[in-house]
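Colleague: need coordinates for the below:
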Amino acid sequence: MLAASAAAAGAEAPPCGAGCGTVAGSVSLWQAAMRAEGPKHDRHVVVYLEGAGTKGFPPSEGRAVMDQKGLVFLPHVLAVQKGTTVTFLNSDPDPHNVYFLDDRTGDALDIGTWGPGVSVDHRFEEPGMVITLCKLHLEMAAYVVVIEGPWFTTVELDPASTTATFEIVGVPAGEYRLTAWHKKLRQKGGPATVVVRGGEKTETEVLITKAKYAGTPD
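Modeller: As a prediction, this is how the structure comes out:
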């Protein structure tokens, strides 16, 4: 996956007019707690769709940015479509390094070390989750979630209600698997099947929980 190479806000699905629908709903914690504050908080959840319509989807030509500032990767969680080029910027007064760990294979890729004000680009070619680290500052860590198609969003759980709402628009009619990714927790019951119909909104509720509860029936 780590061959050298649209952010959550930058993914662009092709227009499909009346043949498209919307997937919306809520994400909530279930029998789990989260770290709500700090630059590496646990509030981020990436919600995305997988299915026949996403297989072989053309790679993105988009770009995104992950900064290194105050010894922190910003953003802490970045969702992009495969093919997206991410610019890793050093906004600190000291040198930084960036290397990746593939969550599935354990493969590592070091893309280099560079000084203040310098940036390096990396294109993410394959779907999956990549842990992003700095060899010079071991406390630094972030996550790049690479998704096959453009139908995804990143939300932040509200600290008080531990819930967030999401909406994915412009989805071609069809059947999909809706997946919620969190850096520590798992989707209860696994990916959910959703059916999208043109001109309609499909609503669903997603629970995320500890791994030991993820397969527990209601």
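Colleague: switch to C-alpha atoms for all contacts and neighbour counts from now on
Modeller: Fine.
Colleague: report how many residues lie close to residue 195.
Modeller: 15 (other Cα atoms under 10 Å).
Colleague: surely it is in contact with residue 178?
Modeller: No - between residue 195 and residue 178 there is no contact under Cα atoms under 8 Å: 9.9 Å.
Colleague: can you tell me the centre-most residue of this structure?
Modeller: residue 79 (3.1 Å; Cα atoms, centre = their mean).
Colleague: from residue 182, how far off is it?
Modeller: 11 Å (Cα to Cα, to the nearest Å).
Colleague: so what's in contact with the two at the same time?
Modeller: residue 46 (Cα atoms under 8 Å, 6 or more residues apart in numbering).
Colleague: confidence score at residue 103?
Modeller: Residue 103 carries a pLDDT value of 82.
Colleague: name the SS class of residue 106, please.
Modeller: Assigned with DSSP: H, G, I helix; E, B strand; the rest coil, residue 106 falls in the coil class.
Colleague: cool, the one 10 residues further on as well?
Modeller: Secondary structure state of residue 116, per three-state DSSP, is coil.
Colleague: need the contact list for it.
Modeller: Applying Cα under 8 Å, 6+ apart, the residues near residue 116 are 90, 91, 92, 93, 94, 95, 96.
Colleague: list phi and psi for the first one.
Modeller: So that's residue 90. phi -100, psi 100 (degrees, to the nearest 10).
Colleague: and the pLDDT at it?
Modeller: 98.
Colleague: tell me, how many residues neighbour it?
Modeller: Residues near residue 90, counting by other Cα under 10 Å: 26.
Colleague: returning to what we had before: from residue 161, how far out is the residue nearest to the centre of the chain?
Modeller: 24 Å.
Colleague: also residue 209?
Modeller: 15 Å.
Colleague: then residue 117?
Modeller: 39 Å.
Colleague: try residue 128
Modeller: Taking Cα to Cα, one finds residue 128 at 29 Å from residue 161.
Colleague: more neighbours: which of these two?
Modeller: Taking other Cα under 10 Å, residue 128 and residue 161 do not tie; residue 128 has more neighbours (16 against 9).
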